[in-house]
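Participant: Provided below for reference: sequence and predicted model.
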Amino acid sequence: MSSQDVLKDASTLASYNVLLQVMFRVLTFLLNAFTLRFVSKELIGVVNVRLTLLYSTLVFLSREAFRRACLSGGSGTNHSWRQVINLLWLTLPLGVLWAALLACVWLWLLEVPDPQTVPFYGPAVVLFAFAGVQELLAEPLWVLAQAHMFVRLKVVAESLAMIAKCSLTVVLVVSSREWGLYIFSAAHLVYTGVLVLCYAVYFLRFLGSKEATKKGFPLHSVRDLLPHKSDGKPLVDWTLARLTWSFFKQSFLKQVLTEGERYVMTFLNVLSFGDQGVYDIVNNLGSMVARFIFLPIEESFYIFFAKVLERGRDVKSQKQEDVTIAAEVLECLLKLVLVIGLIITVFGYAYSHLALDIYGGSLLSSGAGKGAMTQSHEAQTF
């Protein structure tokens, strides 16, 4: 695949990802605005801060390093896909290990919410951890889809999963409010289950088809998706495994920087569960642009740069045409995010109080601190 084709696919993937993130955030926006009228701030705080932190920590530490390593440097050409698949399946036992460790911490080392205000905390911790492990079942399929630019698959799968999650949440919040955390646990399990199901169904239909043969897809049957050893080759590529370990060490720092405020609130108890719920809602509102636009750009063009440039080689030893295209794309991306950041900083800072009032009414807009928090997020976006 030429650099121009990769750039076209990466741009298309970024566009779809932006639309997907917009849809996600609009649905989440409406869902939070709806549930605020039916459930307590304390329940929202436990779900959106503590339980979501458990889930995000589990899946990030289990899969992020594998994703980065397997999508770096053209793994489909420099490494055997058989070995790549074997390496990716290690995310599952690693996820089980992290799930057990983190569940013990969340259950026995952290403050337990009042069962009268936030019922069923213990089962919810177990179910959120199980949802994270369940999502890891689709990890080899996700990497295959990203590496071969199956753009629509990610959009359709995550859209269906989010719609199922939001629909179930609304139904249960209205009809069975007394279930407490079971509502959000069940919705999250449905989300990860639908996600895994979509990827599994797609590849079951795709493998061995005429379309797969036409595209020169490296795997031919369902058996190729399962871990097994190739004749004459080690189980995994140890060069790729060492690269994964390098990314794994970096992932700890990245996770702390990304979720730092949630770790502080969870482990140091600086805010009550109700205040944590309000903080999370304001935080999501203030960081919408970073999630809408910046994150899809980062994810999509990481694949572009990984395919166009070869990791570990000097610039002079690579194709100058590819280096030129990569430099031009990087310059355009920097200009784009700078312009977007300036626009959001100017208008977001001025209208933050109005946004809070529309979103959550007096619950969020009352008090100078909450408006200032949103304003600081707009400045942070820039």
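Facilitator: Alright, I've got the coordinates.

Participant: all contacts plus neighbour counts: C-alpha atoms, from now on.
Facilitator: Fine.

Participant: Go ahead and list the helix or strand containing Val236.
Facilitator: Using DSSP states H and E, Val236 is not contained in any helix or strand.

Participant: That one is in contact with Leu90, isn't it?
Facilitator: No: with contact defined as Cα atoms under 8 Å, Val236 does not reach Leu90; the gap is 10.3 Å.

Participant: neighbour count winner among those two?
Facilitator: Using other Cα atoms under 10 Å, the more surrounded residue of Val236 and Leu90 is Val236, with 22 against 17.

Participant: list the contacts for that one?
Facilitator: With contacts defined as Cα atoms under 8 Å, 6 or more residues apart in numbering, Val236 is in contact with 83-84, 86-87.

Participant: so what pLDDT did Leu7 get?
Facilitator: Predicted confidence (pLDDT) at Leu7: the value is 60.

Participant: for Ile183, that is, sorry about that
Facilitator: In this prediction, Ile183 carries a pLDDT score of 91.

Participant: what's the distance between it and Lys316?
Facilitator: 56 Å (Cα to Cα, to the nearest Å).

Participant: Please apply the same query to Pro113.
Facilitator: According to Cα to Cα, Pro113 stands 59 Å off from Lys316.

Participant: I'd like to know which of the contacts of Val236 are part of strands.
Facilitator: Using DSSP state E, no member of the contacts of Val236 falls in strands.

Participant: closest to Lys335 among the residues you listed?
Facilitator: Val84 (35.4 Å; Cα to Cα).

Participant: now the closest one: how far from Leu219?
Facilitator: When distance is defined by Cα to Cα, Val84 is 12 Å away from Leu219.

Participant: sorry, back to before: which members of the contacts of Val236 are positioned in helices?
Facilitator: Mapping these onto helices (DSSP state H) picks out 83-84, 86-87.

Participant: more neighbours, Pro113 and Lys316?
Facilitator: Applying other Cα under 10 Å to Pro113 and Lys316 shows that Pro113 carries more neighbours, namely 17 against 8.

Participant: tell me the secondary structure for that one?
Facilitator: Classification of Pro113 using DSSP: H, G, I helix; E, B strand; the rest coil returns coil.

Participant: what's the answer for the one 3 residues further on, then?
Facilitator: Under the three-state scheme (three-state DSSP), Gln116 adopts coil.

Participant: Just the pLDDT for the residue nearest to Ser230 when sequence neighbours are not counted.
Facilitator: Excluding its sequence neighbours, the residue lying closest to Ser230 (Cα to Cα, 6 or more residues apart in numbering) is Arg82, at 7.1 Å. According to the prediction, Arg82 has pLDDT 83.

Participant: correct me, but Arg82 touches His220?
Facilitator: No: in this structure, Arg82 is not within contact of His220 by Cα under 8 Å, at 11.3 Å.

Participant: Those two: which is more packed in?
Facilitator: Counted by other Cα under 10 Å, Arg82 and His220 do not tie: Arg82 has more neighbours, with 22 against 15.

Participant: Convert the C-alpha atoms of stretch 159-167 to CSV, please.
Facilitator: What follows is stretch 159-167, C-alpha atoms only, in CSV (Å, rounded to 0.1, in the frame of the first residue of the first chain):
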residue,chain,number,x,y,z
SER,A,159,-22.2,2.6,17.6
LEU,A,160,-24.4,-0.5,18.2
ALA,A,161,-22.7,-1.1,21.5
MET,A,162,-23.2,2.4,22.8
ILE,A,163,-26.9,2.5,21.6
ALA,A,164,-27.5,-0.8,23.4
LYS,A,165,-25.9,0.5,26.6
CYS,A,166,-27.8,3.8,26.6
SER,A,167,-31.1,2.1,25.8
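
Participant: Many thanks, have a good one.
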